[in-house]
Each structure stands twice: as C-alpha cells, then as structure tokens.
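Asker: mind looking at a prediction? Sequence and model below.
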Amino acid sequence: MKKETYTAVVLAAGKGSRMQSKVKKQFMKLLGKPLVYYALLEFQESPVDEIILVTGRESIDYCRKQIVEKYGFTKVKEIVAGGKERYESVYEALKVASMDYVLIHDGARAFLDEEIISRSMKGVAEYKACVIGMPVKDTIKIVDKDQYAIETPKRSLIWQIQTPQCFITDEIRQAYEKMMAEEAKNITDDAMVMEQFGDRRVKLIEGSYENIKITTPEDIVIGKALLKMRRVKRKTFQWLRTLHH
Ligand code: CTP
Ligand code: MG
C-alpha cells in the first residue's frame, strides 16, 4: 500500500486588527522569534511532507528570508499570497496543496504540539474529515437580541474549535470551489465549508487547552508564559534523560 502523504497549510495572511499592534501579530516577537515561527517549527519537525505558508503579498519576501531560510524550514514548498478573508487565504493554499491529506492551521496558534499533529494525522486517515477542539469550560448561554438568556445548552455537547482542521485535499478543495462559486458568508472555519458544501461528517478530536489563538494583547502575556513553561519542561526532560545514561 502506498504511504499516505500530508500537506500542512499555515495561515499568516491576516491583519491582526484585534491585537492593535504596529507589527502584525503573526510576526510579533515572542521570546525572540516571530509568532508564526512556532507553528512552522512544529510542522517542520513532524512527519508532514510539505508546508504551504500563506501570508500577505507584501510579507512574502520577509517570510522567505527572515523566517523560512533563516530557520531552515525546508518543508516549506511554497509561500503564497492570501486574500482578504481567512477562507480566501485557505483557498489560495488549497490550489497548490499536492498531498493526499491537508492539515489547515492558524499560524496564530503557536502552541500546537507533536501530539496534536499526530492525532490530526491519524484522525484524518481514519475519519477523512476532522477538526481539533476542546469541550468548553464555561457555561454557555444563547441570548436574544436584547441580551436576555433564552437557553443553556448542555455543556458536554459544546466544543470550542481549534486548528488543525484536516481533510482529504481533493474533497475540501472541491467544497471550497463550490462555496466560492456561490456567495460565501460568515465562514469562520473550514469544517463549516465541509458541512455546507461537502459530503463528509466532521469528527471532533481532542486538542489541548494550550492550543490557544493569539488574538488580543493579553494573549501575548499568556503565550510567553506557555513558552517558558515548555522550556522548563523540556529542560527537565533532558536532565532526566541524562540521569538514565
Ligand atoms: N488569516 C489569513 N488570512 C486572512 C485572515 C486571517 O491567513 N485574510 C489567518 C491569520 O493570520 C491567523 C488565522 O488566519 O493566523 C486566524 O485568524 P485571526 O486570529 O482572526 O487573525 P486575524 O484575522 O489576523 O486577526 P483579526 O481578526 O483580529 O484581524
Ligand atoms: Mg480574523
């Protein structure tokens, strides 16, 4: 049997307007590295076969020289210009994605890890369409237009959705093509495109509460703390290993 192959799409073509920063959030420095470096590093070190990086046309040169070449991200096959909306950026990447499966990831989610990538790859091979997410921790209310609570859905049935979002490349490309041919509205993730324009049910796979999207300024503080915690964990792990030798 032929080995199955995987494309990772890393999205970094947003404006980052909610961050209200001078430097676009995907390029803000976190412990000395641009934010999008962290997701690229995880995919570079994972078993995925190719990475497609999507960024603003004006940032392609910067990404190539200051990120991809500088850090030796040899799996990055192409850097493509994105669009105004997230789904337009995804669509540009799907045009050039060439492997069997695709893992679509927000570049602003810097804290995905080996396990999440591994669960994504296994998940899509088994279910053919899956997204990473976590059960919500807070109680969720549906409100009316005057902001009165009208319903409290059962918490165990509510998940917050993260990325990667994973599909058979040809299938999600076709779903996107259908959507682009019609009037696309309020599309906030790729699973929605599959739900509305494709034929697959989308399976939810557990991610982690660390897999946050850097969106507003306080997320930078949380992000730094998460990175530092990971450094300590890594050092402890290395130290434990030296004890065993
Ligand atoms: N993204 C993209 N192309 C767009 C919009 C978003 O590639 N036209 C990417 C972002 O760079 C980010 C991910 O999609 O990695 C998730 O989007 P979001 O967190 O909303 O980022 P922004 O759109 O940049 O931020 P904001 O909505 O605050 O402007
Ligand atoms: Mg956005």
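Answerer: It's in. The model shown is predicted, which means the values in this text are computed figures rather than measured ones. Residues are numbered from 1 along each chain as shown. Ligands and ions are numbered 1, 2, ... in the order given.

Asker: next up, the contacts around Gln196.
Answerer: Neighbouring residues of Gln196 by Cβ atoms under 8 Å, 6 or more residues apart in numbering: Ala175, Met179. Where you see a C-beta, it was placed from the backbone N, CA and C, and this is true even at glycine.

Asker: host element of it?
Answerer: The secondary structure element spanning Gln196 is helix 190-197 (assigned by DSSP states H and E).

Asker: what about that helix, average pLDDT?
Answerer: Looking at helix 190-197 alone, the average pLDDT works out to 97.

Asker: that helix vs ligand 1: in contact?
Answerer: No. With Cβ under 6 Å from any ligand atom as the threshold, helix 190-197 lies outside contact range of ligand 1, at a closest distance of 10.8 Å.

Asker: please point out which parts of that helix sit buried.
Answerer: Burial within helix 190-197, assessed by neighbour count using 16 or more other Cβ atoms under 10 Å, is assigned to Asp190, Ala191, Met192, Val193, Met194, Phe197.

Asker: and if you look at stretch 107-115?
Answerer: Neighbour-count burial for stretch 107-115, counted by 16+ other Cβ under 10 Å, picks out Gly107, Ala108, Arg109, Ala110, Phe111, Leu112.

Asker: again with stretch 63-80
Answerer: Residues of stretch 63-80 classed as buried by neighbour count (16+ other Cβ under 10 Å): Cys63, Ile67, Val68, Phe73, Lys75, Val76, Lys77, Ile79, Val80.

Asker: for these, which one is nearest ligand 1?
Answerer: When these are ranked by distance to ligand 1 (Cβ to the nearest ligand atom), Val80 comes first, at 10.2 Å.

Asker: next to ligand 1, which bits of this structure? Give me the list.
Answerer: Remark: the part of the chain in contact with ligand 1 comprises 11-18, 26, 54, 82-86, 89, 106-108, 213, 215, using Cβ under 6 Å from any ligand atom.

Asker: any of these buried? List them.
Answerer: Neighbour counting with 16+ other Cβ under 10 Å marks 11-14, 16, 26, 54, 82, 86, 89, 106-108, 215 as buried within the residues of the chain next to ligand 1.

Asker: what's the closest of those to ligand 1?
Answerer: Ranking those by separation from ligand 1, with Cβ to the nearest ligand atom as the measure, puts Gly14 on top at 2.0 Å.

Asker: contacts only, for Val68.
Answerer: Val68 makes contact with Leu40, Leu53, Val76, Ile79 under the criterion Cβ under 8 Å, 6+ apart.

Asker: nearest residue to the last one other than its sequence neighbours?
Answerer: So the one you mean is Ile79. With Cβ to Cβ, 6 or more residues apart in numbering as the measure, Leu53 is the residue that lies nearest to Ile79, at 4.7 Å, once sequence neighbours are left out.

Asker: how far out from the middle of the chain is the host helix or strand of that neighbour?
Answerer: Leu53 belongs to strand 50-55 when assigned by DSSP H and E. When distances are taken as Cα atoms, centre = their mean, to the nearest Å, strand 50-55 is centred 11 Å away from the chain's centroid.

Asker: also stretch 192-209?
Answerer: Centroid separation for stretch 192-209 versus its chain: 14 Å, with Cα atoms, centre = their mean.

Asker: in this protein, which spans are helices?
Answerer: When assigned using DSSP state H, the helices of the chain occupy the ranges 35-44, 60-62, 86-96, 114-127, 169-181, 190-197, 217-244.
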